[in-house]
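Visitor: pasting the structure only:
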């Protein structure tokens with residue numbers, strides 16, 4: 001999560017100035033950044049499951 005002060009209503013993702021509209025574990029972000037965060041979390045979950053020898057449920 002960013003420790004920098006951001007303009008109210010703007011995405012908390014560094015180098016993004018889109019309008020913030022979604023609260024995520026990474027902060028208040030725009031829709032595009034929220035999709036990227038979701039994708040990264042899903043990929044990490046898949047890697048974790050594969051590392052434990054598990055498959056899809």
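Guide: Noted; the coordinates are in hand. None of the values given here were measured: they were computed from a predicted structure. Numbers count the residues shown, from 1 in each chain.
Visitor: ok, and what's touching stretch 18-31?
Guide: 1-2, 9-13, 16, 32-34, 37-38 (Cβ atoms under 8 Å, 6 or more residues apart in numbering). Just so you know, the C-beta spots here come from the backbone N, C-alpha and C atoms, and that holds for glycine as well.
Visitor: select from those residues every entry located in helices.
Guide: 32, 33, 34, 37, 38 (DSSP state H).
Visitor: could you count how many residues lie near the fourth one?
Guide: Using other Cβ atoms under 10 Å as the criterion, residue 37 is surrounded by 17 other residues.
Visitor: check contacts around it.
Guide: Residue 37 makes contacts with 24, 25, 26, 29, as judged by Cβ under 8 Å, 6+ apart.
Visitor: what's the closest of those to residue 44?
Guide: The nearest member of the contacts of residue 37 to residue 44, counting by Cβ to Cβ, is residue 25 at 11.8 Å.
Visitor: state the distance from the residue most central in space within the chain to residue 53.
Guide: Central residue of the chain (Cα atoms, centre = their mean): residue 37, 2.4 Å from the mean position. Distance from residue 37 to residue 53, counting by Cβ to Cβ, to the nearest Å: 27 Å.
Visitor: repeat for residue 19
Guide: For residue 19 relative to residue 53 (Cβ to Cβ), the value is 42 Å.
Visitor: tell me which of the two has more neighbours.
Guide: Using other Cβ under 10 Å as the criterion, residue 19 and residue 53 rank with residue 19 on top: 10 against 6.
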